[in-house]
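Undergrad: What would the 3D arrangement of this be:
(chains A and B)
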Amino acid sequence: MDQTTVIAVASIVIAGITTGFGTMGPALAEGRAVATALTSLAQQPDASATITRTLFVGLAMIESTAIYCFVVSMILIFANPFWNHVIAQAPGK
Amino acid sequence: MRLSPDERVFWHHGPAKLNATILFTWVVMFVLAAGSKLITRRLSTGAERSRWQNVLEMIVIGMNEQIGGLGLHPPERYLGFLGTLFLLVATASLGTIVPGFDPPTASLSTTVALALCVFVAVPVFGIRGQGLGGYLETYLQPTIIMLPFNIISELSRTLALAVRLFGNMMSGAMIVAILLTVVPFVFPIVMTLLGLLTGMVQAYIFSILAGVYIAAATQSHGRKRASTPSTPAPATT
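TA: Take a look at the predicted model:
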């Protein structure tokens, strides 16, 4: 396999795996966070404003790791420097 | 497939480019400034007030209460900065309803600029609230060993703010673009709705996180415990 094929295959496979595995952890964590928040809301309904706000802030922090994985996948697919490099070299060959 | 509104260039002259990001930021700025100016032309303090004034008052009072809930007192001092962050990002997300509008926050340039504003604002508010010595002391909390970690966390949470907002807005726009080529009938509308929801949530998150960072910088450890919002006493069994 020449260099272009290796880079293409590696980028495509890793882009898929990154988003696939990268969103499993945050999804589990967010599920647990929401479950705990619902339990606290059931126990103390008058603290609902604080609990809701803290829940959203926590969810955003957890979500950001999934977003990092997504951004890496997008970079591998659309703004891949290795791919651009071999493509720029291709007309010369 | 456009990765960001930066690539949509309307006009260029040498190195200076007018791309979609700048243009739509101007549109958002114009809408916010002109709208507020028009609505606040004739403010009334009585019971009779115009509908739009009511809307603005709801928004401002709501933001004031949220900022106060974070432990920042008086909230009016921070309303200008945090409120503007929220309104800018929220208006940029709402604008996706209009076809042809690319939210400027879908470009990494805008989100990094906003995150850098927060990065500068936190020390400014911290020094204003506690003095230079008091603010620098927060880096030594809780022990002096945490000094490098506090500095690193300062930088990384700024980066996280930028990438979080950029990733959410860019993914919303990209999903709609992809769906338009695959299933152009109903799903793009549903995904635009979802993008609108996440856009509003991200606007709230961005400003609340900025507020939390400012609150952490303006409150010394002892005072912080006193001013956290009191929770009701746990139910006795």
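Undergrad: How about the secondary structure of whichever residue of chain B sits closest to chain A?
TA: Sorted by distance to chain A under C-beta to the nearest C-beta, the residues of chain B start with B:Gly167, at 3.4 Å. For glycine as for every other residue, the C-beta is placed from the backbone atoms N, C-alpha and C. Here B:Gly167 is recorded as helix under DSSP: H, G, I helix; E, B strand; the rest coil.
Undergrad: so who does the residue of chain A found nearest chain B touch?
TA: Going by C-beta to the nearest C-beta, chain B is nearest to A:Ile67 of chain A, at 3.4 Å. Taking C-beta atoms under 8 Å, 6 or more residues apart in numbering or on different chains as the criterion, A:Ile67 is in contact with B:163-164, B:167-168, B:171.
Undergrad: can you rerun that using 6 Å?
TA: Residues in contact with A:Ile67 (C-beta atoms under 6 Å, 6 or more residues apart in numbering or on different chains) are B:164, B:167.
Undergrad: Kindly report the same for the one 3 residues further on.
TA: Taking C-beta under 6 Å, 6+ apart as the definition of contact, the neighbours of A:Phe70 are A:19, B:167, B:171.
Undergrad: helix or strand right after the longest helix seen in chain A?
TA: Secondary structure of chain A read by DSSP state H shows that its longest helix is helix A:48-78. For helix A:48-78, the following helix or strand on the C-terminal side (DSSP states H and E) is helix A:81-89.
Undergrad: hmm, that following helix in reach of chain B?
TA: No: with C-beta under 6 Å from any C-beta of the partner chain as the criterion, chain B is not reached by helix A:81-89; the gap is at least 13.0 Å.
Undergrad: now that helix: mean pLDDT?
TA: Helix A:81-89 shows a mean pLDDT of 88.
Undergrad: elements contacting it?
TA: helix A:3-22 (3 or more C-beta pairs under 6 Å, 6 or more residues apart in numbering or on different chains; DSSP states H and E).
Undergrad: Let's test this: mean pLDDT of the helix it packs on, rounded?
TA: In this model, helix A:3-22 has a mean pLDDT of 93.
Undergrad: Report pLDDT for the residue of chain B closest to chain A.
TA: 89.
Undergrad: Helix or strand for residue 29, just tell me which one.
TA: Defaulting to chain A. helix A:24-43.
Undergrad: could you do chain B instead?
TA: Per DSSP H and E: helix B:20-39 holds B:Met29.
Undergrad: Go through the longest helix of chain A and flag the buried ones.
TA: For helix A:48-78, a neighbour-count test (16 or more other C-beta atoms under 10 Å in any protein chain shown) marks A:50-51, A:53, A:55, A:57-71, A:73-74, A:76 as buried.
Undergrad: hang on, the earlier thing: and the pLDDT for the residue of chain A closest to chain B?
TA: At A:Ile67, pLDDT is 85.
Undergrad: Helix or strand: which one has B:Pro142?
TA: Going by DSSP H and E, B:Pro142 is not in any helix or strand.
Undergrad: That one: what's it in contact with?
TA: B:Pro142 neighbours (C-beta under 6 Å, 6+ apart): none.
Undergrad: ok, of the contacts of A:Phe70, which one's closest to B:Ala216?
TA: Distance ranking of the contacts of A:Phe70 against B:Ala216, using C-beta to C-beta, places B:Gly167 first at 24.0 Å.
Undergrad: For B:Asp102, give me the backbone phi and psi.
TA: Note on B:Asp102: its backbone torsions stand at phi -100, psi 120 [degrees, to the nearest 10].
Undergrad: could you pull out the helices for chain B?
TA: With DSSP H as the criterion, chain B has helices spanning B:20-39, B:51-69, B:75-94, B:108-138, B:147-182, B:187-218, B:221-227.
Undergrad: which of the residues in the fifth one are buried?
TA: When you say that, I think you mean helix B:147-182. B:157-158, B:160-176, B:179.
Undergrad: cool, the first one as well?
TA: Neighbour-count burial for helix B:20-39, with 16+ other C-beta under 10 Å as criterion, is recorded at B:20-25, B:27-28, B:39.
Undergrad: quick check: angle from that helix to helix B:75-94?
TA: For helix B:20-39 against helix B:75-94, the angle by axes from the mean of the first three to the mean of the last three C-alpha atoms, to 10 degrees is 120 degrees.
Undergrad: Quick one: mean pLDDT for helix B:20-39?
TA: 92.
Undergrad: thinking again about what came up before, I'd like to know which elements the helix holding B:Met29 is packed against.
TA: Looks like helix B:20-39 contacts helix B:75-94 (3+ C-beta pairs under 6 Å, 6+ apart).
Undergrad: Quick one: residues in contact with the helix it packs on.
TA: Contacts of helix B:75-94 (C-beta under 6 Å, 6+ apart): B:28, B:32, B:63-64, B:67-68, B:72, B:103-105, B:121, B:199-200, B:203, B:206-207, B:210-211.
Undergrad: Would you mind listing the buried residues in it?
TA: Under 16+ other C-beta under 10 Å, the buried positions of helix B:75-94 are B:75, B:78-79, B:81-83, B:85-94.
Undergrad: ok, the residues you listed vs B:Thr45, which is closest?
TA: Distances from B:Thr45 to these, taken by C-beta to C-beta, are shortest for B:Leu79, at 19.1 Å.
Undergrad: how close does the closest one get to A:Glu30?
TA: From B:Leu79 across to A:Glu30, the span is 30 Å (C-beta to C-beta, to the nearest Å).
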